[in-house]
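Undergrad: missing the sequence, but the structure's below:
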């Protein structure tokens, strides 16, 4: 098998050129949410396609949507075929969040500027620096290095780089379904998360899922005078509070029957590993502003965020919300609820159980309706598998320290979509930091992390081929 | 003592003229809420003053407010002194609600028009027809009839007719305090409520009081991502629901310790009397649109509305309230609460108990704050007293049927203010109907009720003098 040293040398030699390539891509204001930037989105897609072509791939743009409602194109590319070698699928996105509020940027969002960031290290400041142009580009750069050093990587690499991640990935599922055979792979890699902390690279192997709904309680046909009618008519806002309160027991456990039936709790091994992480509770409280952490009994903060499901009210609306008093019995009251799910909870089954519980706990004199929103199951990959072993080695090689194995509490639908549609493990290898200002002004990315990320990606291809 | 027959004859003879007087007053658009109608409010006050002067009273306008923030004047008048006779204070108001929405009026709001109403009976349609010009004017007409028939009523009558009832009676308390000695009386009468039902005249002898507050629960310093933080941070909206739910027990009783301590429950006599009233539950459900009445255990609908205190949420606000989902842990959640009170509950003591209960039931990980609003105690007058006996006789004389004795669930601060400041019972004698469109388009007043109301007022003066 090919030696890795020439590839590493090639990356080192291209460091300056690779930065310039990133800056070129960052200068394209590919804001997917803004129709005025439709052309810029296509330009970014073309830039990625052209770079992958130069790197030896067969690359094309796949248009999405319809003539009436066109989407942004997907860059679909493949490295030269290596028979018998495993296939790695790279997912990423070239679109970025809107840069507003512009007046909070120190330098313009689409004029990448290098200056010292935390710890004095060089960072590039620009919209998309971390999310996701900078992180995503490490993989094409790795392929380019392999192309220059050895005619191509020792594995098959498929690229799916979309332009609608920041607006809901509306056309991705259809693309995955229609290209299922061409996308078959042994593992997928996504660099769109973060390290655990500065100097602590991480591989994320699990995400929570979600199901959500709106609960609407109705009573009188219009707001009533609380003096004339209070005491003889059920109050929908009081009833809603009773329903919401019934969702948790006194210990904070979700009280919906069957809610925990399918939950696979964190293993003892995971609990020990998470307990060993350099988690800073003071910083957590500073970030959130919460007076104290509140978790399930016996759960740590990380276990509460990564390993257990939740039931949170996201919003409440009823009656009079202006200043001062207004003494009415409101005609209706509603709450938005979301449930973060862990494997193996099924969003549909959970929502059905919630609906049943809410209906059973609806006080008399009012009616209740549950309107479901979209759901996504959680994911948890087997970290003892070959792709994860390869990723651990690759990250350690590039960052000089073994990665910590973490889960995250959020939901990334594409991870579930890739895993479910293609049946492959998904490696979440983030090179950036949570503090890099994703979706905020002055977004940045460490140029050292950019360099190490490309090296890790190249090394991952080498490890997978072993 | 003077015979009543000449007074009744005089009223009968003046029936046509009295209608014209009402129409004159109704033509003055005395909308107190609208600064553009400031002059009209004064014109209405002058009209009342001048009419009372013609009716033999010494009458004046008392300006209210300050030079910078002037209020609308109070008409203050007295009939010729009758030594040794009791004194009756008449409270009413000459200001009216804004007439909007104008396009829903069949005839213009300030062009009083006579046409058939319910049952084909003649009604006058105009803003203020019932509330309160038509009802209020019955008392000056009674004095005018006494003046014409006998040189004046056989009792001392004091008029306090204000122009700010529809905008909060901001200057009334100061007037009552500063004129306390001149306002001393044996009873007060207010015609600003309604009969129990068509053909069922009523005397209201009790009103509920009120205390209200806003409960605000705070947690994180800003809305948090429910995926990244859910499971480790307390949710203020869930906490608020727990707090609100804790305010009632499973039977719907208010669970705040001490809440019922001072409550004087409806007596067996009252319960029997209310049970005998022609209460139409089907009509109640039709009016409210509630699926079923909900009261305390063993309480009837009227007992729930008149005889027991309540705890109602008037409004809820938290987090995301737009369409669709948004998965956040809100930084705060708040509820407006109002408590209708019955004698002898003290609004301050109740609010203190609520604050203590809310604080004790605040879950950990959040903080709670209770912001008090204004409070008024409930009132309940002794109906076995001479003024109530006189009122019963007077209403029966004029309406041909004995009045039913009722309470109301609402709060009328002026009743409490008169009762507390002057130490007198207050007779709530309503001539109109709840269905007369008070505060709504096409407000109306039965001309038969108008005539009978004036007769009842004149007879009340005669009864009180006996």
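TA: Yep, it's here. Because the structure is predicted, anything quoted here is derived from the model rather than measured.
Undergrad: any residue of stretch A:175-193 up close to chain B?
TA: No - against chain B, stretch A:175-193 shows no contacts by C-beta under 8 Å from any C-beta of the partner chain, the least distance being 11.2 Å. C-beta coordinates here come from the backbone N, C-alpha and C atoms, glycine included.
Undergrad: Can you give me the buried ones in that stretch?
TA: By 16 or more other C-beta atoms under 10 Å in any protein chain shown, the buried positions in stretch A:175-193 come out as A:175-176, A:179, A:183, A:185-193.
Undergrad: Do me a favour and get the end-to-end distance for it?
TA: Stretch A:175-193 has an end-to-end distance of 23 Å (criterion: C-alpha to C-alpha, to the nearest Å).
Undergrad: quick one: the strands in the stretch 351-466 of chain A?
TA: Secondary structure of the stretch 351-466 of chain A (DSSP state E, counting those that start in this stretch): strands at A:367-372, A:379-380, A:404-408, A:426-430, A:444-446.
Undergrad: need the contact list for residue A:240.
TA: For residue A:240, the contacting residues are A:215, A:217, A:316, A:318, A:333-335, B:241, B:316, by C-beta atoms under 8 Å, 6 or more residues apart in numbering or on different chains.
Undergrad: can you tell if the host helix or strand of residue A:339 touches chain B?
TA: Assigned by DSSP states H and E, residue A:339 belongs to strand A:332-341. Yes - shown here: strand A:332-341 in contact with chain B (C-beta under 8 Å from any C-beta) through A:333, A:335-336, A:338, A:340.
Undergrad: Let me know the angle separating that strand from strand A:367-372.
TA: Angle, strand A:332-341 to strand A:367-372, by axes from the mean of the first three to the mean of the last three C-alpha atoms, to 10 degrees: 40 degrees.
Undergrad: residues contacting the spatially closest residue to residue A:86 that is not a sequence neighbour?
TA: Spatial nearest neighbour of residue A:86, chain neighbours left out: residue A:186 (4.1 Å); criterion: C-beta to C-beta, 6 or more residues apart in numbering or on different chains. By C-beta under 8 Å, 6+ apart, residue A:186 lies in contact with A:86-88, A:386-387, A:424, A:464.
Undergrad: next one: residue A:131
TA: The contact partners of residue A:131, taken as C-beta under 8 Å, 6+ apart, are A:96-97, A:192, A:432, A:436, A:438-439, A:443.
Undergrad: buried ones in stretch A:151-165?
TA: By neighbour count with 16+ other C-beta under 10 Å, stretch A:151-165 contains the buried residues A:152-165.
Undergrad: could you dump those residues to a markdown table with pLDDT, distance to residue A:246 and secondary structure?
TA: Supplementary listing: the buried residues of stretch A:151-165 in a markdown table, determined by pLDDT from 0 to 100; distance: C-beta to C-beta, whole Å; DSSP: H, G, I helix; E, B strand; the rest coil:
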| residue | pLDDT | distance to residue A:246 | secondary structure |
| --- | --- | --- | --- |
| A:152 | 97 | 60 | coil |
| A:153 | 98 | 56 | coil |
| A:154 | 97 | 58 | coil |
| A:155 | 98 | 53 | coil |
| A:156 | 98 | 53 | strand |
| A:157 | 98 | 51 | strand |
| A:158 | 98 | 49 | strand |
| A:159 | 98 | 49 | strand |
| A:160 | 98 | 44 | strand |
| A:161 | 98 | 46 | strand |
| A:162 | 98 | 42 | strand |
| A:163 | 97 | 44 | coil |
| A:164 | 95 | 39 | coil |
| A:165 | 92 | 38 | helix |
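Undergrad: Out of those, flag the one nearest to residue B:44.
TA: Nearest to residue B:44 among the buried residues of stretch A:151-165: residue A:164, at 65.4 Å, using C-beta to C-beta.
Undergrad: who touches that closest one in this structure?
TA: By C-beta under 8 Å, 6+ apart, the residues touching residue A:164 are A:32, A:64, A:71-72, A:93, A:95, A:170-172.
Undergrad: For PyMOL, write the selection for the buried entries among those.
TA: The PyMOL selection below is limited to those of those classed as buried (16+ other C-beta under 10 Å):
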select buried, chain A and resi 32+64+71+72+93+95+171+172
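Undergrad: Of all the contacts of residue A:164, the one with the weakest confidence?
TA: Ranked by pLDDT, those bottom out at residue A:170 (91).
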